[in-house]
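Enquirer: can't give you the sequence, but here's the structure:
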């Protein structure tokens, strides 16, 4: 299968680096120097402009499964998708940098039913994806990752094992989880594995739970520090991401502060935010952080465009006593390093976009509905065939470690036990390591 990408930037490098082993990748860009930065990957490149139908034909976009326009110019991305649709039925994915571009395209598609906008299958505004990831984690105290499935009737929570955790130094078989929750994964030293009954939870491990919303809420209150709700939040950085996040948080009843170094930007934020207290100052100023009692916040989000500044703001806030610190980073590899030195959750905008491409656009046809732990684990949704022979879960001998975590039977969501019978036409949500996805899919096919 082939994917054609327009734009040789950091995002293109991340997407191509993730997919080039399974797809034939062609990257088009008029700047030869940018293309040379991708030379480490086994991909094809074309020094040209993708807004030309002739160039798209030369790139064989008609044989591609997806065309992704992600240059730094919104208008050129839109035109490139329009041109691509003239010669292919491949999915067209358009990245935009400006919120106005996304809103205009959505308006054209939904309200005006414009034939031009219909040429674009998916619109991705990276900042929005980052905000959504952060917002999900903020709303679940103590969680470091949150995913939703089955229209919100099933969820995934991820928690770090701390010194006061009920799970610390216990084997899985000796831990009590209510019947609506399953422990499906453990992450230790940045490595994911599927646990069994003898697996032990150690300090700083991350445990991945799947289950119903009610079951997970009960488990959180019993096993983790989730009794107190989020009431005080500080956002460090008032750029487009910080502003978008603040707008969403203003819908909740909480105390919200925002720190921004640019005075004119502060004036703009004050005019457009209804509840947030906007402060002109740097999140790297210990004096300001102490004066504004940032250490008493339930959540601090460091969301500037500078990784080093975000790290310093985060560590200072943590040192002052902030309960949870969420930090924006440029790359997934940086995120792992940040978490090792004390940041609770580090989120990469680039990584969020790669996952969006994988889960929603590319892998959606292959049954992958979510990616966790920076691509190490995946959740598959597999529908059993009508001729599948009903059998108990304990009777199924999987070829590789994995967990059948959720059964969707009609409108019901079932958290299975060993004695649960799996029936024809059931939809199974299976947690497994990414390297084992093919084996799991082959087993059920």
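Expert: Perfect, I can see it now. Since the model is a prediction, treat every value here as computed from it, not as a measurement. Residues are numbered from 1 along each chain as shown.

Enquirer: OK, contacts around residue 431?
Expert: By CB atoms under 8 Å, 6 or more residues apart in numbering, the contact list for residue 431 reads 184, 185, 194, 208, 210, 377, 378, 379, 402, 403, 405. Placement of C-beta: from N, CA and C, glycine included.

Enquirer: Recalculate using a threshold of 7 Å.
Expert: With contacts defined as CB atoms under 7 Å, 6 or more residues apart in numbering, residue 431 is in contact with 184, 185, 210, 377, 379, 402, 403, 405.

Enquirer: What are the phi and psi values at the closest residue to the fourth one other than its chain neighbours?
Expert: Nearest residue to residue 377, sequence neighbours excluded (CB to CB, 6 or more residues apart in numbering): residue 192, at 5.1 Å. The phi and psi values for residue 192, taken as degrees, to the nearest 10, are phi -90, psi 140.

Enquirer: now the helices for the stretch 201-350 of the chain?
Expert: Counting by DSSP state H, counting those that start in this stretch, the segments of the stretch 201-350 of the chain that form helices are 213-223, 240-249, 263-272, 286-291, 307-320, 332-340, 349-356.

Enquirer: Same list (these) but as a markdown table, adding distance to residue 34, mean pLDDT and mean neighbour count.
Expert: Formatted as a markdown table, the entries for the helices of the stretch 201-350 of the chain read as follows, by distance: least, CB to CB, whole Å; pLDDT from 0 to 100; neighbours: other CB atoms under 10 Å:
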| stretch | distance to residue 34 | mean pLDDT | mean neighbour count |
| --- | --- | --- | --- |
| helix 213-223 | 44 | 89 | 18 |
| helix 240-249 | 24 | 95 | 21 |
| helix 263-272 | 30 | 96 | 14 |
| helix 286-291 | 39 | 96 | 14 |
| helix 307-320 | 22 | 96 | 20 |
| helix 332-340 | 21 | 87 | 18 |
| helix 349-356 | 16 | 89 | 21 |
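
Enquirer: Distance to residue 50 added to these, as a markdown table?
Expert: Written out in a markdown table, the entries for the helices of the stretch 201-350 of the chain read as follows (distance: least, CB to CB, whole Å):
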| stretch | distance to residue 50 |
| --- | --- |
| helix 213-223 | 43 |
| helix 240-249 | 26 |
| helix 263-272 | 34 |
| helix 286-291 | 46 |
| helix 307-320 | 30 |
| helix 332-340 | 27 |
| helix 349-356 | 19 |
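
Enquirer: wait, the residue nearest to residue 377 sits on residue 374?
Expert: No - contact criterion CB atoms under 7 Å: residue 192 and residue 374 do not qualify, at 9.1 Å.

Enquirer: Those two: which is more packed in?
Expert: Between residue 192 and residue 374, residue 192 has the larger neighbour count (other CB atoms under 10 Å), namely 20 against 17.

Enquirer: What residues does that one make contact with?
Expert: 185, 373, 376, 377, 433.

Enquirer: same thing but 8 Å
Expert: Residues near residue 192 by CB under 8 Å, 6+ apart: 185, 186, 372, 373, 376, 377, 433.

Enquirer: Make sure residue 321 is actually in contact with residue 300.
Expert: No - proximity of residue 321 to residue 300 does not meet the contact threshold set by CB atoms under 8 Å, at 10.2 Å.

Enquirer: With neighbour numbers in mind, choose between these two.
Expert: With other CB under 10 Å as the criterion, residue 321 and residue 300 differ in neighbour count, and residue 300 comes out ahead with 30 against 11.

Enquirer: list the contacts for the more buried one?
Expert: 233, 234, 236, 294, 313, 314, 317, 318, 322, 324, 325, 326.

Enquirer: cool, and residue 375?
Expert: Under the contact definition (CB under 8 Å, 6+ apart), the residues listed for residue 375 are 18, 332, 354, 355, 358, 434.

Enquirer: can you tell me which of the contacts of residue 300 lies nearest to residue 247?
Expert: Among the contacts of residue 300, residue 233 lies closest to residue 247 (CB to CB), at 13.0 Å.

Enquirer: gap between the closest one and residue 242?
Expert: Between residue 233 and residue 242 the distance, using CB to CB, to the nearest Å, works out to 11 Å.

Enquirer: Between those two, which contacts overlap?
Expert: Taking CB under 8 Å, 6+ apart as the contact rule, residue 233 and residue 242 both touch residue 301.

Enquirer: what mean pLDDT does stretch 54-66 have?
Expert: Per-residue pLDDT values across stretch 54-66 average out to 94.

Enquirer: before we move on, what about stretch 35-46?
Expert: Along stretch 35-46, the predicted local confidence has a mean pLDDT of 93.

Enquirer: And that stretch, how far out from the chain middle?
Expert: Offset of stretch 35-46 from its chain centre (CA atoms, centre = their mean, to the nearest Å): 26 Å.

Enquirer: hang on, the earlier thing: dump the contacts of residue 300 to TSV, plus distance to residue 115.
Expert: Written out in TSV, the entries for the contacts of residue 300 read as follows (distance: CB to CB, whole Å):
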residue	distance to residue 115
233	43
234	46
236	44
294	51
313	47
314	47
317	50
318	52
322	50
324	47
325	47
326	41
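
Enquirer: And those residues, which is closest to residue 95?
Expert: Within the contacts of residue 300, proximity to residue 95 (CB to CB) peaks at residue 326, which comes in at 23.7 Å.

Enquirer: Right, I'll call it a day here.
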